[in-house]
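Student: mind folding the following:
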Amino acid sequence: MAFTDDDCVPAPDWLQNLAARFVTAADHVIIGGRTLNALPNNLYSTASQLIVDVGCAYLNTDPNHARFFTANNLALPADGFRALDGFDTTFVTAASEDRELCGRWVSRGCRMIYAPEVLVYHAHELTWRTPQILSDFAPVSVFAALPPTGGVALSLAGGVAVGEYGGVGLGVDTATPREKRLPR
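Tutor: Below you'll find the predicted structure:
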């Protein structure tokens, strides 16, 4: 089963690259690809993708034993998805259900492989008032001057990922999701 979002456009070779990775995988795995921001002129979309990228870099230091993929670019065997009972639908917002699924997969001793050649372009139109902005790695701080004027600098320390995109500083707590959940 391959997953992407309604605001994403997979690269033309997306399914072929996923299939090639499954052929070479020796065991039951989740394959996750690289998601690129399709709206580089939107500061908030750029900042949001940067935060996801920092979180992924922190959690996936070994591409053959990754720990997190976003649901807009991942694939896994259907029987594995059913064994996990799919995505947890008790999350109040559409955020972090992918982190929770990945956590259950890894806690069962199953592997996740990062495949950067598996590309999806994410066109998530965000504004400062978008309710879901930067929700994958809560809590998040966005601060400093706008608009961006330079490149990207990232550092990871003590479980907190921080980065800068031009004049925008970003902080991400990479701990377990803290969103309120509905009772099962």
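Student: show me what the top strand by length along the chain is packed against.
Tutor: Ranked by number of residues, the top strand in the chain under DSSP state E is strand 111-122. Judged by 3 or more C-beta pairs under 8 Å, 6 or more residues apart in numbering; DSSP states H and E, strand 111-122 is in contact with strand 8-10, helix 14-24, strand 29-37, helix 43-59, helix 97-107. Backbone N, C-alpha and C define where each C-beta goes, glycine included.
Student: which among the ones you listed is found nearest to T90?
Tutor: Nearest to T90, of all the helices and strands packed on strand 111-122, is helix 97-107, at 8.9 Å by C-beta to C-beta.
Student: can you give me the buried ones in that closest one?
Tutor: Neighbour-count burial for helix 97-107, with 16 or more other C-beta atoms under 10 Å as criterion, is recorded at 97-103, 105-106.
Student: what's the least confident helix or strand in the chain, going by average pLDDT?
Tutor: In the chain, no helix or strand scores lower on mean pLDDT, DSSP states H and E than strand 140-143, which sits at a mean of 33.
Student: tell me which strands the longest strand of the chain pairs with, and in which orientation.
Tutor: Next to strand 111-122 in the sheet, as set by DSSP bridges, lie strand 8-10 (antiparallel), strand 29-37 (parallel).
Student: a markdown table please, covering those strands and showing distance to F69.
Tutor: Shown next, in a markdown table, are those (distance: least, C-beta to C-beta, whole Å):
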| stretch | distance to F69 |
| --- | --- |
| strand 8-10 | 13 |
| strand 29-37 | 3 |
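Student: quick one: closest of those strands to N72.
Tutor: Of all the strands paired with strand 111-122, strand 8-10 sits nearest to N72, with 4.9 Å by C-beta to C-beta.
Student: what residues sit buried inside that closest one?
Tutor: Neighbour-count burial for strand 8-10, counted by 16+ other C-beta under 10 Å, picks out 8, 10.
Student: tell me, how many residues neighbour the residue nearest to P116 when sequence neighbours are not counted?
Tutor: Once flanking residues are discounted, P116 sits nearest to R34: 4.6 Å by C-beta to C-beta, 6 or more residues apart in numbering. Other residues within reach of R34, judged by other C-beta atoms under 10 Å, total 16.
Student: what pairs with R34 across the strands?
Tutor: L119.
Student: contacting residues for it?
Tutor: Applying C-beta atoms under 8 Å, 6 or more residues apart in numbering to R34 gives the contacts 73, 114-120.
Student: picking that back up, could I get the helices and strands packed on strand 111-122 as a markdown table with mean pLDDT?
Tutor: Output for the helices and strands packed on strand 111-122, formatted as a markdown table (pLDDT from 0 to 100):
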| stretch | mean pLDDT |
| --- | --- |
| strand 8-10 | 95 |
| helix 14-24 | 94 |
| strand 29-37 | 96 |
| helix 43-59 | 90 |
| helix 97-107 | 92 |
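Student: to T127, which of those lies closest?
Tutor: The stretch from those with the least distance to T127 (C-beta to C-beta) is helix 43-59; that distance is 5.9 Å.
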